[in-house]
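A.B. asks: Sequence and predicted structure, then a few things I'm wondering about:
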Amino acid sequence: MARRRQLETPSPEALKEIEAGIDRDLARSPGLRPPIADVVADAARHADPLPQADREAIARDKADAERLRDAEGKGLVAVELPLEDITADALNRDRIELDEEEMQELMTSISVNGLRLPIEVFEPLNPEDAGKFALVSGYRRLTALRRLNAVSGGDRFQTIPAFIREPGSIANALVSMIEENEIRSGLSQYERGRAAASAVHDGIFASVDEAVAVLFQHASKAKRSKIRSFAVIHEELGDMLSHGTGLNERQCLRLAGALRTGAAERLRAALERAGGRSAAEEWEAMVPVIESTEGEPLDPSRGGRPKTAKKVEKARRTEVARGITIEREYGPAGYAIRFSGSEVTQELVDTVMDNVRHLLEHG
């Protein structure tokens, strides 16, 4: 019967030698390394050695970055845009006249203190016609910056802070523009009617009734009814009235009433004789016609309810000089040429008309 070999406990020196041998074998054969060793080493490498205050600061920075990305996605972060990338008249502006004294005050404020309130723009679906960015609100601020840029010879005021919005539709953009102007300084009675009539003319709405209901959705029922009346004035006399914004509410209502009796042609003739020298002279010229119609029955075909939109064909806009664009239109009333841009003035249009008249008369 064989004798059993008695096992002895290895000495500390022997254990160290055994461990060293195992480490050498593992180093030569990485595949023999037990998974738990990798897990432990990885955990040790990724242990956060930063102090508590630094870890809190990193967490705050991460949260701030997430909020910034969310705000940018909602168009709540202003960006600097070059002035030449913004088209001011991509939307038919509701504001017609700019008070020159107020404009000079705004320019002085911007030159001294900078622009404190960004404008609002959106990226149109037709950038080849409407530009890279189309203005929603801030027409006075953009005009002031452009004037300051021109005064500086183009060296200063080259950009403007802007919020890039996603209005979803041109109708929503028009609502934003009108609401901003109503809140800041209010539109004239004529400008309100013109905004609704122009939106129908541009094909954004099918009727004045729909345009007023959307563009002035927060106005009272009585106010919307008046705006529909003011729209009639622009539809019938918009190309003749040079000082429509000077008409007060009562004058607009009387004028709309006269138009509903069928007096449009007589009123147009009166305005042509007046020559458009001032709001007072235009009104005085129309008063006899208006008074002669008061008390007459209204023409049912010219009621306050809106007309159906008429199809207007438009050619592509062409930029000619100084930011001025021209566009040919054709509709039921015939051909028209639309001039747009901050540099368009009554004198410029009169000069163009004189040249056209000369061309037609002399071949």
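C.D. replies: Looks like it came in fine.

A.B. asks: C-alpha from now on. contacts and neighbour counts both.
C.D. replies: Noted.

A.B. asks: Would you map the strands across the stretch 201-350 of the chain?
C.D. replies: 313-314, 318-321, 324-331, 334-340 (DSSP state E, counting those that start in this stretch).

A.B. asks: got a markdown table for these, with mean neighbour count too?
C.D. replies: Formatted as a markdown table, these follow (neighbours: other Cα atoms under 10 Å):
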| stretch | mean neighbour count |
| --- | --- |
| strand 313-314 | 14 |
| strand 318-321 | 12 |
| strand 324-331 | 15 |
| strand 334-340 | 14 |
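
A.B. asks: Show me where the stretch 101-250 of the chain has its helices.
C.D. replies: According to DSSP state H, counting those that start in this stretch, the stretch 101-250 of the chain carries its helices in the segments 127-130, 139-151, 170-184, 189-201, 208-215, 221-237, 249-259.

A.B. asks: Please identify the deepest-packed of these.
C.D. replies: Stretch with highest mean neighbour count among those: helix 189-201 (a mean of 26; mean count of other Cα atoms under 10 Å).

A.B. asks: CA-only coordinates of it in CSV, if you can.
C.D. replies: Extracted as CSV, the C-alpha positions of helix 189-201 are listed here (Å, rounded to 0.1, in the frame of the first residue of the first chain):
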residue,chain,number,x,y,z
GLN,A,189,-57.8,102.5,-39.6
TYR,A,190,-56.9,102.4,-43.3
GLU,A,191,-53.8,100.3,-42.7
ARG,A,192,-55.9,97.6,-41.0
GLY,A,193,-58.2,97.4,-44.0
ARG,A,194,-55.3,97.5,-46.4
ALA,A,195,-53.6,94.6,-44.6
ALA,A,196,-56.8,92.4,-45.0
ALA,A,197,-57.4,93.4,-48.6
SER,A,198,-53.8,92.9,-49.6
ALA,A,199,-53.7,89.4,-48.1
VAL,A,200,-56.7,88.5,-50.3
HIS,A,201,-55.0,90.1,-53.3
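
A.B. asks: didn't residue 228 look like it was pressed against residue 191?
C.D. replies: No: between residue 228 and residue 191 there is no contact under Cα atoms under 8 Å: 11.6 Å.

A.B. asks: low pLDDT regions in the stretch 201-350 of the chain?
C.D. replies: Applying pLDDT under 70 to the stretch 201-350 of the chain flags the ranges 296-316, 332.

A.B. asks: Residue 343 reaches residue 321, doesn't it?
C.D. replies: No: using Cα under 8 Å as the test, residue 343 is too far from residue 321 to be in contact (9.4 Å).

A.B. asks: Please report the distance of residue 349 from residue 242.
C.D. replies: 12 Å (Cα to Cα, to the nearest Å).

A.B. asks: Of the two, which one has the most company?
C.D. replies: residue 242 (17 against 12; other Cα atoms under 10 Å).

A.B. asks: residues contacting the more buried one?
C.D. replies: Residues near residue 242 by Cα atoms under 8 Å, 6 or more residues apart in numbering: 276-279.

A.B. asks: and it, how far is that from residue 268?
C.D. replies: On the measure of Cα to Cα, residue 242 and residue 268 end up 12 Å apart.

A.B. asks: repeat for residue 284
C.D. replies: Taking Cα to Cα as the measure, residue 284 and residue 268 are separated by 13 Å.

A.B. asks: what about these two, which has more around it?
C.D. replies: More crowded of residue 284 and residue 268, by other Cα under 10 Å: residue 268, with 18 against 14.

A.B. asks: That one: what's it in contact with?
C.D. replies: 237, 240.

A.B. asks: picking that back up, in CSV: the strands of the stretch 201-350 of the chain, plus distance to residue 107.
C.D. replies: Output for the strands of the stretch 201-350 of the chain, formatted as CSV (distance: least, Cα to Cα, whole Å):
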stretch, distance to residue 107
strand 313-314, 35
strand 318-321, 24
strand 324-331, 22
strand 334-340, 22
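
A.B. asks: Among those, single out whichever gets nearest to residue 160.
C.D. replies: Closest to residue 160 of those is strand 324-331 (Cα to Cα; 20.3 Å).

A.B. asks: Output the closest one as PDB, nothing but the C-alphas.
C.D. replies: The C-alpha trace of strand 324-331 is given here as PDB (Å, rounded to 0.1, in the frame of the first residue of the first chain):
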ATOM      1  CA  ILE A 324     -35.600  98.000 -55.300                       C
ATOM      2  CA  THR A 325     -37.500  95.100 -56.900                       C
ATOM      3  CA  ILE A 326     -40.100  95.100 -59.700                       C
ATOM      4  CA  GLU A 327     -42.800  92.500 -60.400                       C
ATOM      5  CA  ARG A 328     -45.300  92.200 -63.200                       C
ATOM      6  CA  GLU A 329     -48.800  91.200 -62.200                       C
ATOM      7  CA  TYR A 330     -51.900  90.300 -64.300                       C
ATOM      8  CA  GLY A 331     -55.400  90.000 -63.000                       C
END
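
A.B. asks: Who are the packing partners of it?
C.D. replies: Other elements packing on strand 324-331 under the criterion 3 or more Cα pairs under 8 Å, 6 or more residues apart in numbering; DSSP states H and E are strand 313-314, strand 318-321, strand 334-340.

A.B. asks: So, low pLDDT: which residues of the stretch 51-200 of the chain?
C.D. replies: 90-97, 130, 167-170, 180-186.

A.B. asks: Now do the domain split for this protein, please.
C.D. replies: Following automatic domain parsing, the chain resolves into domains at 72-167, 187-309, 313-362.

A.B. asks: Throw these into CSV and include distance to residue 13, thanks.
C.D. replies: Below are these laid out as CSV (distance: least, Cα to Cα, whole Å):
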stretch, distance to residue 13
domain 72-167, 67
domain 187-309, 92
domain 313-362, 92
